[in-house]
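J.: coords please:
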Amino acid sequence: MQLISGESNDLDDMRRLRAFVGKRRHCPSKGQNDTHHVSYTEFRRRIFQRSSSEGPAESTPLATGRQCEPSFEFDTVCQRLELDSPPRHHEQAQRVLHGNLPETALVGGMVDHGAVTFGDFAARGRLATENHPEQGWEWRAAVQEEAGFDEKRHILQPFAILDKPSVSQQGKSVIKLAAPSLLNDYYTNLLDCSCNGMIALALGSCVYLWNSETRGLAGYLDLRPRPGTPYHQVQSISCLSWSRDGRALCFGTRRGELQLWDVEHKQNMRCLPSHLSVVRALSWKQQLLSSGSVLGHIHHLDPRAPTPLVGAVVQKEGICGLQWSPGDDRLASGTTDGHLCIWDSDIAGVTRSRQPISTMEQPSAVKAMGWCPWQRKMIATGGGWKDGELRIWDTDSGTCVTSTNTNSQICSLRWAEKNKYLVTGHGLPHHQVNCWSWEFPSLTPIYQLAGHSHRVLHLAINPDSTHIFSAGADQQFHIWDM
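T.: Here you go, the predicted structure:
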């Protein structure tokens, strides 16, 4: 095959350059007399001269002046962790690390937080979008439809009403809405309600925003892949969380990406440094964001700072639950092998030697978890299908103060502060939502809300504790009037 004009000479230049670099690596002294050595700048100049006069040239053979940022060496992880339920489309959920690679490039040194306000990085968000054009995350209005959409994908619109409002056996009204493409994965966290009553629900590679007060779809964040990208390579969202003031929404993907959005102004604020594995859980501490990955890494990020990473720790097991306490003085992390770890509020520094202040165990993964809003040292956890036990722990003593067997998988858990209820979402055998009252030390069931045909993966409660929102593996979104 005949090469395009100009390409042969460029390749010859590259071969000579590689030989030149190889000789330089073995050269003991910079002062050796070798008249045949030509500088890299000269090679680069020749390539661009030929490209402008004769035809297209190859890309620059070597990166110039690239410097590696200081990085933190985490433990090498060379094993894959099984998901409780694999996604319907195969995705590269994890990247196996070889050698002594860190999970993420962690910049050394601590950051001075300074007097930066939360709204100050709208401009930084524009820079993040410009620097990461391949990300393709776009805000789209609810009424906007684009020609060429896959019809099968839009047969059932998100939040479309499936049935007229009905009444459950307990006398509670329920509205059933559509949640197509909801990932049936036990370890995901795809539903959250802001302090303003805005619902965020991740469906595949989109995040839909639905106003629980007006009962209307506000819009959605969509990942538009580059043309020609195979469907199985499109990354889906694995977790999301609203900031406490309801202005920012953060979501993580199955490929380790973290995106931070200003929902009010409908713009991307930052693409945060994150993990090289699935982001399983997110939690806010005022303006500080913590994220946990499938490889057991917990990162603490301050999105206002030029270098967002301010602290990190590592656990041996994968993270599937993460939550700061109401007083922001403790962080709870749940792992896939049944450990509930409690960390103090000192998150500064990047270290793998820090240990939790207490660790509690249960026979299954600690994914469903939540701090009690009015007993701030107490935390509730739900067991998986091998366990089914609902427990409340005293994190000061590290002991279980009460428990009850639900005889079913507990997939999700939330506290309703104003009603002082504990709400749990269940899998087999009944796929129901249970409400509990807790008067120390006993747990008493109040309501059993049936309506889902598959396990209730996610729960959310509005700020007034008047409605429970549930999303199930049956791809339905239910609103329960309390």
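
J.: For the stretch 1-150 of the chain, give me the ranges with low pLDDT.
T.: Applying pLDDT under 70 to the stretch 1-150 of the chain picks out residues 1-136, 143-150.

J.: can you give me the helices for this protein?
T.: 7-25, 40-53, 122-131 (DSSP state H).

J.: Would you check that residue 301 makes contact with residue 288?
T.: Yes. Counting by CB atoms under 8 Å, residue 301 does reach residue 288; the two are 7.1 Å apart. For the C-beta atoms, the positions are set from N, CA and C on the backbone; glycine is no exception.

J.: Among these two, which residue is more densely surrounded?
T.: With neighbours defined as other CB atoms under 10 Å, residue 301 and residue 288 compare such that residue 301 has more, 26 against 20.

J.: Quickly list what the more buried one is bridged to.
T.: Note on residue 301: beta-bridge partners by DSSP bridges are residue 289, residue 309.

J.: Which residues are in contact with each of residue 301 and residue 288?
T.: residue 310 (CB atoms under 8 Å, 6 or more residues apart in numbering).

J.: Could you chop this structure up by domain?
T.: Here the domain parsing of the chain from automatic domain parsing is 1-22+38-67, 118-481.

J.: Out of those, which is the most enclosed?
T.: Comparing the domains of the chain by mean neighbour count (mean count of other CB atoms under 10 Å), domain 118-481 comes out on top with a mean of 19.

J.: pretty sure residue 245 is touching residue 195, no?
T.: Yes. Between residue 245 and residue 195 there is a contact under CB under 8 Å: 6.8 Å.

J.: ok, now which ones touch residue 341?
T.: Neighbour list for residue 341: 315, 332-335, 356, 358-359 [criterion: CB under 8 Å, 6+ apart].

J.: same question but for residue 337, I mixed them up
T.: The contact partners of residue 337, by CB under 8 Å, 6+ apart, come to 317, 365.

J.: Ok, residue 326 next?
T.: 371, 373, 376.

J.: if I read this right, residue 197 contacts residue 461, doesn't it?
T.: No. Between residue 197 and residue 461 there is no contact under CB under 8 Å: 10.5 Å.
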